[in-house]
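Give the three-dimensional model of this entry:
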Amino acid sequence: MQTAQYLQKHLETAPFTTALPSPMFFRTASVQADSRYPQHRHAWGEFVYAFSGVIEVKVAHHHYLAPPQYGIWLPPDLEHMGLNRYEVVHCSLYLAAELCGALPKTPCALTVSPLVRALLEHLRQQPTALPRSDAQERLLQVLADQLALAPCAGSYLPGSDDPLLGAVLRALEAQPGDNRTLPEIAHAAHTTERTLLRRFQRELGMSFVEWRQRLRVVKAMPLLDAGQTVETVALDLGYASASAFISMFRRLMGVTPDEFRKGAVGVRSPQTL
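Below you'll find the predicted structure:
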């Protein structure tokens, strides 16, 4: 996933290093494109959600990425790095370790329900200064309870450190409009179609076709946010027609590209991971 490119870009600072201001704490931030939070760990859990853009977190050999229907859960004492390829407006809910018992023990993308999204949007508009009112405390507890019930979806666009597969993924990411077939890509990588098929399933848990479609969805998001037409985005991503791109985008995201641009993500159920 070309993590090295972030080393020469903008460096963000993790907000808390030794202690949380309170056992539950909510914060929002705007982060510029091509930036990263350096490798770090903390004794508390963290749920990260992007109001716009796509959140990316690298944990050991796994790369977690979440478009707007998902947030990323990071359990306590987990070393991780935050990556932002594009400008991102995001929030974090921090939970002291003793409050994380009902949440997953391993990092994952959590499906964001309409209720959770509404809670996050409401909290985004509220002051974060302490002390909080009893009503604000109850709202944070409701959010934590709802996250504990959220389905764990793994990673939307998983990566791989496998030398062969990793090189193929990086090439596709650099040229998302590449329409070569899997046999053609295998030939260019000096391997066989069967070998690549096995590694996609073993390393990523999905087919080559599905991974490339998810990649194109992720690449389309900032282009749509920037105001590019659906037709232009479709052509840039290798589609012969806008209708084919719209159909794929709607199947994976639950909304059309225009609905996504207008902030309608989550009004329908997206494709299950």
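
What is the helix or strand of the chain with the lowest mean pLDDT packed up against?
Using mean pLDDT, DSSP states H and E, the weakest-scoring helix or strand in the chain turns out to be strand 10-11, at a mean of 72. Judged by 3 or more C-beta pairs under 8 Å, 6 or more residues apart in numbering; DSSP states H and E, strand 10-11 is in contact with strand 35-40. C-beta: built from backbone N, CA, C; applies to glycine.

contact partners of the strand it packs on?
6-7, 9-14, 17, 79-84 (C-beta atoms under 8 Å, 6 or more residues apart in numbering).

mind listing what the least confident helix or strand of the chain pairs with, with the direction of each?
Strand 10-11 has its sheet partners listed here by DSSP bridges as strand 35-40 (parallel).

The strand it pairs with: what's the following helix or strand?
Heading C-terminal from strand 35-40, the first helix or strand you meet, by DSSP states H and E, is strand 45-52.

what residues does stretch 16-34 touch?
Contact with stretch 16-34 is made by 5-6, 9-10, 12, 15, 40, 42, 44, 51, 84-96, 98-99, 123-124, 128, 130, 132, 137, 140-141, 143-144, as judged by C-beta under 8 Å, 6+ apart.

quick one, domains of the chain?
Using automatic domain parsing, the domain ranges for the chain come out as 3-149, 163-261.

any chance of those domains in CSV, plus mean neighbour count and distance to Y156?
Putting the domains of the chain into CSV (neighbours: other C-beta atoms under 10 Å; distance: least, C-beta to C-beta, whole Å) gives the following:
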stretch, mean neighbour count, distance to Y156
domain 3-149, 17, 5
domain 163-261, 16, 6
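
which stretch in those domains has the least confidence?
If these are sorted by mean pLDDT, domain 3-149 sits at the bottom with a mean of 86.

how distant is that one from the center of its chain?
In terms of C-alpha atoms, centre = their mean, to the nearest Å, the centre of domain 3-149 is found 11 Å from the chain centre.

what sits against T128?
Per C-beta under 8 Å, 6+ apart, neighbours of T128: 25-28.

Of those, which is the nearest to L196?
The closest of these to L196 turns out to be T28 (C-beta to C-beta; 40.9 Å).

any idea how far S247 is from M253?
Applying C-beta to C-beta, to the nearest Å, the value for S247 to M253 is 11 Å.

and if you look at P67?
From P67 to M253 the distance is 7 Å (C-beta to C-beta).

Which parts of the chain are helices?
114-124, 134-149, 163-174, 182-188, 193-199, 208-225, 230-236, 242-253, 257-261 (DSSP state H).

Which one, of the ones you listed, ends up nearest to S155?
Of the helices of the chain, nearest to S155 by C-beta to C-beta is helix 208-225, at 9.9 Å.

Which residue lies nearest the spatial centre of the chain?
A66 (1.7 Å; C-alpha atoms, centre = their mean).

so what's A50 closest to, chain neighbours aside?
Among residues not flanking A50 along the chain, H90 sits closest, at 4.6 Å (C-beta to C-beta, 6 or more residues apart in numbering).

Could you list which residues are in contact with that neighbour?
28-29, 31, 48-51, 53, 55.

Let's have those residues in a markdown table, adding distance to M206.
As requested, these are arranged in a markdown table below (distance: C-beta to C-beta, whole Å):
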| residue | distance to M206 |
| --- | --- |
| T28 | 32 |
| A29 | 31 |
| V31 | 28 |
| V48 | 23 |
| Y49 | 23 |
| A50 | 22 |
| F51 | 27 |
| G53 | 23 |
| I55 | 20 |
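
Going by distance to L115, which of the residues you listed wins?
Nearest to L115 out of those is Y49 (C-beta to C-beta; 13.3 Å).

Any idea what the closest one is bridged to?
In this entry, Y49 is beta-bridged to C91, by DSSP bridges.

gap between it and T256?
Y49 is 22 Å from T256, by C-beta to C-beta.

Ok, R170 next?
30 Å.

same thing with R250?
With C-beta to C-beta as the criterion, R250 and T256 are 5 Å apart.

now do P183
For P183, the distance to T256 - C-beta to C-beta - is 32 Å.

try A171
Relative to T256, and taking C-beta to C-beta, A171 is found at 29 Å.

Next, the contact list for the closest residue to E121 other than its chain neighbours, please.
Nearest residue to E121 in three dimensions, chain neighbours excluded: F51, at 7.6 Å (C-beta to C-beta, 6+ apart). When contacts are counted by C-beta under 8 Å, 6+ apart, F51 touches 28, 68, 89-91, 120-121, 124.
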